[in-house]
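J.: I'll drop the sequence and a predicted model, then ask my questions.
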Amino acid sequence: QLLESGGGLVQPGGSLRISCVGAGLTFSTNRIHWVRQAPGEGLLWVAGITIDGGFANYADFVRGRFTISRDNARNTVYLYLNSLRADDTALYYCTTSPPTSWVPFNNWGQGTQVTVFS
Amino acid sequence: QSALTQPASVSGSPGQSITISCTGTSIDIGHDDLVSWYQQHPGKAPKLMISHVTRRPSGVSDRFSGSKSGVTAFLTISDLQADDEADYHCSSYTSRNSLIFGGGTKLTVL
C-alpha cells in the first residue's frame, strides 16, 4: 500500500529526494512519516506531516537539512535530504498514522535505501 | 534525545511467556500513554503490535499484551511460537512533540 522510491548513492554534502506513493488506502486522511533504520540498528523517526501538509515535524538531527512535503492529488509524500552525512545512511521507511495523531504507525512500506559514501 | 532503553536480547522456549521492557523518562513514557510496540522479522518492514500501551490492532494475536508502570513499558508474549522470533521495537511520543524508539530487542525462540 506504500511504495518508496528514489533512494541511491550520494556523496557527503549531496542531496536526494525520496518519494512515497500510497495505493489502495485513503492516503489523504493519514499523517505520513519517514522512519529510518541503519544496518543492524534500531528505528529512528525522521519527520512527519499532517494530512493537509500544513504542519511538519522533524527530529532534531535532521531539522534544517531535511524537508517533508506531500501532494495529496498524487497520493505522494516526499522527503528532501540535503547536506547528507555518512550517518544518514539507512533504509528509509514511509509509514502512516491516524489523521489527528502522530502515533501509532499503522502501515509501513518496504523502504528505500540511501547510502552516503565518500 | 536519547533512545528508550530495551534489553538487547531475550529468549524463551515454545509455550513459555516472555516480557520485554522499555524504559524511558518522565517526558516520554512517563508523560502519557502513547507507547507502541512493533515486530520486525529479518528483512521485513515493522508491524504494529500494540498501541496506546495496551491496545491490540485488529488481526494481532491476543498472545501479545502491553502494560506500563511509571517510566517503563512492557510487552508480554504468551504461549511463544516459532514465528514470534523477531526484533521488537518500542516507541513513545514525547512532551517535546517528537517520537523516539528503543534500540530494539531480539527475541529468540529456543
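T.: Now that the structure is in, tell me what you want to look at.
J.: do you know how far B:Lys44 is from B:Ala86?
T.: Going from B:Lys44 to B:Ala86 by Cβ to Cβ, to the nearest Å gives 8 Å. Using the backbone N, CA and C atoms, a C-beta is placed for each residue, glycine as well.
J.: so these two - more neighbours on which side?
T.: For B:Lys44 versus B:Ala86, neighbours defined as other Cβ atoms under 10 Å in any protein chain shown are more numerous around B:Ala86 (21 against 13).
J.: residues touching the more buried one, list them.
T.: Counting by Cβ atoms under 8 Å, 6 or more residues apart in numbering or on different chains, B:Ala86 touches B:39-42, B:106-107.
J.: near chain B, which residues of chain A?
T.: Selection of chain A residues close to chain B by Cβ under 8 Å from any Cβ of the partner chain yields A:33, A:35, A:41-45, A:48, A:57, A:59-60, A:93, A:95, A:101-106, A:108-111.
J.: report the distance from the host helix or strand of B:Thr19 to the chain centre.
T.: Taking DSSP states H and E as the definition, B:Thr19 sits inside strand B:18-23. Centroid separation for strand B:18-23 versus its chain: 7 Å, with Cα atoms, centre = their mean, to the nearest Å.
J.: and that strand, which residues are buried?
T.: Within strand B:18-23, the residues that qualify as buried by neighbour count (16 or more other Cβ atoms under 10 Å in any protein chain shown) are B:18, B:20-23.
J.: average pLDDT for it?
T.: Across strand B:18-23, pLDDT averages out at 98.
J.: check stretch A:90-97 too.
T.: On average, stretch A:90-97 scores 97.
J.: just the CA trace of it, in CSV.
T.: Backbone C-alpha positions of stretch A:90-97 (Å, rounded to 0.1, in the frame of the first residue of the first chain) are rendered in CSV as follows:
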residue,chain,number,x,y,z
ALA,A,90,19.9,3.9,6.2
LEU,A,91,16.8,2.3,4.9
TYR,A,92,14.1,4.9,4.9
TYR,A,93,10.6,3.7,5.6
CYS,A,94,7.4,5.5,4.8
THR,A,95,4.6,5.0,7.4
THR,A,96,1.2,6.3,8.3
SER,A,97,-0.5,7.4,11.5
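J.: what's residue 33 sitting at in phi/psi?
T.: Chain wasn't specified; assuming chain A. A:His33 adopts backbone torsions of phi -130, psi 160, taken as degrees, to the nearest 10.
J.: hm, I was asking about chain B
T.: phi -110, psi 30.
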